[in-house]
Each structure stands twice: as C-alpha cells, then as structure tokens.
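1. show me the folded form of this:
(one chain, ligands or ions: 2)
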Amino acid sequence: MAYTVRWGIMATGWIADMFVRDLLKDPRGRDASDVAHQVVAVASSSAKSKADQFISSLGIPAPCAAYGSYEELVADTNVDVIYVATPHSHHFQNVMLALGAGKNVLCEKAFTVNAAQTKILCETARKKNLFLMEAVWTRYFPLSVQVRELIQTGEIGQVLRVIADTSFSDDVEERWGTKHRMVNLDLAGGCLLDLGIYSLTWVFQTLYHTLPRNQRKPPTVTSQMTQYHLTGADESTTVLLKFPTSAPSNGPLPQESHGVAMTSMRVAGDPDEKGTSGANIRIEGAKGEIQVFGNPFRPVRYRVIPKKGLGEVRDVECPFPSQGHGMFWEADEVARCLRDGKLESEGLPWEESIVIMEVMDEVRKQGGLKYPQSIESTEYPLHF
Ligand SMILES: NC(=O)C1=CN([C@@H]2O[C@H](COP(=O)(O)OP(=O)(O)OC[C@H]3O[C@@H](n4cnc5c(N)ncnc54)[C@H](OP(=O)(O)O)[C@@H]3O)[C@@H](O)[C@H]2O)C=CC1
Ligand SMILES: O=C1OC[C@@H](O)[C@H](O)[C@H]1O
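-> Numbering: from 1, shown residues only. Ligands and ions are numbered 1, 2, ... in the order given. As a prediction, this is how the structure comes out:
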C-alpha cells in the first residue's frame, strides 16, 4: 500500500508550476510505487484567483483548496507538508510561518539568505518535531545517487579535486533587467544563491557527503565576485574550497581535496547548448575521473574515465521518466522521510545545508555583497 502525502503549495510562480506537474505524474512510471502524492491546497499571496487559476491550468484533481494568503494555507488541517516556492528573500519568514502552524516543510533553494536564518529554521523544526528539507532536487536524481556510490566504492580512487560550473550567458540587462528575482537585491538575487548553489552542491556531494558523517569538515573559502552594474547583485562568482579531510588514503596522497565552484550569468558552461564544450562537472580521483554532462542542476549522463591501464571508458545515460522534470524524486524522498518519522533527509542533512550557507555567507563577505537588513534579519515575524 502506497504511503500518500498531502501537499500544500505556497506560491504560484514558475517553479511551483514545475513541481506540481511532477507531483501529478504516476510514481509507478519511476518505480516508486511505495509512495503517492496529492496536491490538496494552493496559496497565492497576491490573490485567491491566482491559486484558482493555478489549480485549473495544471488540472489538479479535486478536492484542492485555493487560498489568497499563506496564513490560510498553513492553517489547513488537510495539509501534511508545505512546499515553499517563493524568492530566497522570503524563505525564512515563510518557513517560520509554516513550522509555527505545525506543518512539515520542503523549502526551495537557497534555503535562506544566510546561515543564521537556516540555523533557526532547523532548530525550530527540531523543537517542534517537524520535517524540514532544502529542496536541492539534483541530489535525489538517480544520477547523483549513482555518482556518490561510485565514489564511495572507490571507482576513481581518492577524490582530490572537483570542478563544477553552473553558468549561462544571458543578455543580463535584457533578460533580467533590475526587478527580476535573479538580480534584485530585495529578493536576494544574484548567481551565487540561485545557480552557484548547484556548483557547491556538486562539490559538497562528492567531497563532503561521501565521507562518514564524523569525518565531514567545513572547507576553507577563497573567492572572487563580479557585481552586476545595474543592481549590485553578483553576476559572476568563483569559489575555491579546500576540504581538510578526504577519503582515507593508504599511501602518500594528501588528506585534503580542492573544490572549484563557478557560476556566471555572462559566460556559459555550454555556449552552443549542444554540449560541445564538454562536461560541466569533473570529479577527479587518483584512479580516474567522473564527468557529468548537462546542466549541473539537471544532468543527463555521466562518463567514468579510468586512469590509463585501469579499465575502459563507460558512458551512462540517465533519462527522466514520464517526461518529468525530475522534481518528483525529491518529493518521493519527502514522502519516505514522513512515512519513516524522520525530521531531516539523509540526502541533505540540516548540518550540510548550514555549512553550505556558511560558505555562501563567506563568499558574499569576501565579495562585498550585502542584502538589505530586512531580508538578512533573523527576526520573526517581520513584515517587509
Ligand atoms: N529547483 C529548481 O529547479 C528551481 C528553483 N527555484 C527556486 O524557487 C524559488 C522561486 O523561484 P521562481 O519560481 O523562479 O520565482 P517566481 O518569481 O516565478 O515565483 C515566485 C513566487 O513567489 C511568490 N512571492 C511571494 N512574495 C513575493 C515577492 N515579494 N516577490 C515575488 N514573488 C513573491 C509569488 O507567488 P504568489 O503571488 O502566488 O504568492 C511568485 O509567483 C527560488 O527560491 C528559486 O531559487 C527557481 C527555479 C528553478
Ligand atoms: O534552481 C534553478 O534551476 C534552474 C534555473 O533555470 C533557475 O534559475 C534556478 O533558480
């Protein structure tokens, strides 16, 4: 018998739409018949009619309540878990609202504006015995799971360096202007929090998450940042990380590793959008390399390249079942955690989200990127 989760959707923007499309796919299409999803409520902060429109345009089966405020959504007793799909600037306030009403939460990336806010959210969830997870969907792809397993089983030996690039060469002025959440400081815009987090995800899930928990240590951080001339949000950021502990080595290899996390809105990881420039992620080990192809947030295949004499090159395609976007895998993880009474996901524990937020805090400090005090604040409730 499938364990069914009843979702409440907070916000009706782009990613909420994509997420709900995936929730509505039959889990059997991805061999996940142990879980099922229902969308039982949708809320828009601007108007109830927007929630009504969202429900009808996506064909969400009745009954599904439509609300014109987030307060009404979190009070709905039919809802098991809230999916928070608002801009970064609002995550802290929105998640606190949901936790305060006794609701479990899946919150979009970046978890919050800064690490101090993330810590409060995790502490609040712990105290209230509620589930909370940052929606870094890529971590739950079979591709990510397979790559982590290959590292853990020693396929490429000790991993010494990881390079990850999440960059798109947009016409920034034309596409994002000054108000869009991608570049708007009031909404915690900029490529680090929006896209760089995926480069950091690849660095962390290969160099940090693959270690036993008691061996995971925060990296040191060096970085460079270029700010967008129209708003001051970062348009290009490069982060160099040194992790003090790597997988145990039996020989002369160092007990440390390097991560290079890049992101930009001016240059592209895949300029011709045909993959000509190669892999956006390279995971380099003492016995070989794993390359990951496609957008770092939605990669499509990987290649294992053993060091000369140690084996053959292997390409592995990782298709998206049911013509899905790939967000259903993180939703399935939420369902299984709720079923099993867990407060956090093993795929992205609270502690790891906090360390990544701390890295982003440090990068912003080094780059001189400050957001308005109202959205950096840890005060709750705060109306801004
Ligand atoms: N996992 C992924 O692949 C992706 C994740 N994201 C993440 O999802 C979040 C939302 O991004 P996205 O959907 O692209 O953003 P959109 O701008 O498309 O939607 C955001 C929604 O948040 C609500 N909202 C509440 N307050 C505000 C406010 N002050 N300004 C603007 N919107 C507000 C609005 O919904 P309403 O009026 O209904 O309340 C709005 O439609 C971000 O954290 C982003 O990083 C984004 C894209 C892809
Ligand atoms: O999370 C994301 O992934 C997809 C990108 O297009 C989007 O800007 C970003 O928010």
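
2. how near is the residue nearest to the spatial centre of the chain to ligand 1?
-> Nearest to the geometric centre of the chain sits Val136, at 2.1 Å (Cα atoms, centre = their mean). Distance of Val136 to ligand 1, given as Cβ to the nearest ligand atom, to the nearest Å: 8 Å. Bear in mind the C-beta positions are built from the backbone N, C-alpha and C, glycine included.

3. with Glu344 instead?
-> Distance from Glu344 to ligand 1, by Cβ to the nearest ligand atom: 19 Å.

4. which residues touch the nearest residue to that residue once chain neighbours are set aside?
-> Nearest non-adjacent residue to Glu344, counting by Cβ to Cβ, 6 or more residues apart in numbering: Trp350, 5.1 Å away. Shown in contact with Trp350 (Cβ atoms under 8 Å, 6 or more residues apart in numbering): 118, 122, 125, 132, 344.

5. among those residues, name the ones in strands.
-> Using DSSP state E, Leu132 are the members of those that sit in strands.

6. now for stretch 367-380, what's the gap between its first and last residues?
-> 28 Å (Cα to Cα, to the nearest Å).

7. Three-state assignment for Arg148, please.
-> Secondary structure, DSSP: H, G, I helix; E, B strand; the rest coil: Arg148 is helix.

8. so where does the nearest residue to it once chain neighbours are set aside fall, helix or strand?
-> Counting by Cβ to Cβ, 6+ apart, Arg148 lies nearest to Thr210, which is 5.6 Å off, once chain neighbours are set aside. Using DSSP states H and E, Thr210 sits within no helix or strand.

9. how close does Thr210 get to Leu106?
-> Counting by Cβ to Cβ, to the nearest Å, the separation of Thr210 from Leu106 is 24 Å.

10. looking at the two, which is more packed in?
-> Leu106 (27 against 20; other Cβ atoms under 10 Å).

11. in this structure that one contacts Val81, no?
-> Yes - with contact defined as Cβ atoms under 8 Å, Leu106 and Val81 form a contacting pair (6.2 Å).

12. what touches both of the two?
-> With Cβ under 8 Å, 6+ apart as the test, Leu106 and Val81 both reach Val334.

13. residues of the stretch 201-350 of the chain that sit close to ligand 1?
-> Phe297 (Cβ under 6 Å from any ligand atom).

14. where do the helices sit along the stretch 201-350 of the chain?
-> For the stretch 201-350 of the chain, the helices defined by DSSP state H, counting those that start in this stretch cover 328-339, 350-367.

15. next, format those as CSV and append mean pLDDT.
-> Putting those into CSV (pLDDT from 0 to 100) gives the following:
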stretch, mean pLDDT
helix 328-339, 98
helix 350-367, 99
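
16. just put those helices in CSV and tack on distance to Asp186.
-> Output for these, formatted as CSV (distance: least, Cβ to Cβ, whole Å):
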stretch, distance to Asp186
helix 328-339, 28
helix 350-367, 15
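
17. where does the residue in the stretch 1-150 of the chain positioned nearest to ligand 1 fall, phi/psi-wise?
-> In the stretch 1-150 of the chain, the residue that lies nearest ligand 1 is Gly13 (1.8 Å; Cβ to the nearest ligand atom). Per-residue torsions, Gly13: phi -80, psi -160 (degrees, to the nearest 10).

18. okay, now it: neighbour count?
-> By other Cβ under 10 Å, neighbour count at Gly13 equals 15.

19. same question for Pro252.
-> Counted with other Cβ under 10 Å, Pro252 comes out at 5.

20. what residues are up against the spatially closest residue to Ala11 that is not a sequence neighbour?
-> Here the nearest residue to Ala11 in space, its sequence neighbours aside, is Ala85; by Cβ to Cβ, 6+ apart that works out to 4.3 Å. Contacts for Ala85 (Cβ under 8 Å, 6+ apart) come out as 9-11, 13, 15-16, 19, 108.

21. over to Met262?
-> 163-167, 196, 199, 237-239, 269.

22. now the buried members of these.
-> 163-167, 196, 199, 237-239, 269 (16 or more other Cβ atoms under 10 Å).
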